[in-house]
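*Asks:* show me the folded form of this:
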Amino acid sequence: MGKLKESNLAVGVEETLDEQRSQMHVLMNYSKSLKAQNEQLVERQEPLRNLVQKLNLQNKVLVRYIRVNHDSKSMPENAFL
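*Replies:* Below is the predicted model:
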């Protein structure tokens, strides 16, 4: 076993393992950073999503109002189309 540790193969394996460990730590830190950024973006997105839903509803109500009150060719049951 002592001869194996001193061999070039064992040294190469240890160096490769150390390099892979280092790369793994870098990737783990990068992953944590991406998760944190994703959480921030999700928090910022939710109010915008709610605003879009409200605007879509207001648009439907306005279109319906215009069709019912100002478009004699439109039928009320088709107002949301």
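*Asks:* longest single helix anywhere in this protein?
*Replies:* helix 8-70 (DSSP state H).
*Asks:* for that helix, packing partners?
*Replies:* For helix 8-70, there is no helix or strand it packs on, judged by 3 or more C-beta pairs under 8 Å, 6 or more residues apart in numbering; DSSP states H and E. Heads up, the C-betas are built off the backbone N, CA and C, glycines and all.
*Asks:* report the mean confidence score over it.
*Replies:* Here helix 8-70 scores 92 as its mean pLDDT.
*Asks:* please name the residues that touch Val26.
*Replies:* Listed by C-beta atoms under 8 Å, 6 or more residues apart in numbering, Val26 has no contact partners.
*Asks:* and if you look at Asp71?
*Replies:* With C-beta under 8 Å, 6+ apart, Asp71 has no contacts at all.
*Asks:* center of this structure - which residue?
*Replies:* Asn38 (5.7 Å; C-alpha atoms, centre = their mean).
*Asks:* mind checking how far that one is from Arg49?
*Replies:* Noted for Asn38: a distance of 15 Å to Arg49, by C-beta to C-beta, to the nearest Å.
*Asks:* cool, and Lys60?
*Replies:* 17 Å.
*Asks:* the two: which has the busier surroundings?
*Replies:* Remark: of Lys60 and Arg49, Lys60 carries more neighbours, 13 against 9, as counted by other C-beta atoms under 10 Å.
*Asks:* measure that one to Lys54 for me?
*Replies:* Lys60 is 11 Å from Lys54, by C-beta to C-beta.
*Asks:* in stretch 58-70, what's buried?
*Replies:* By neighbour count on 16 or more other C-beta atoms under 10 Å, the buried set for stretch 58-70 is 64, 67.
*Asks:* and that stretch, how far out from the chain middle?
*Replies:* Offset of stretch 58-70 from its chain centre (C-alpha atoms, centre = their mean, to the nearest Å): 35 Å.
*Asks:* same check on stretch 39-59?
*Replies:* 15 Å.
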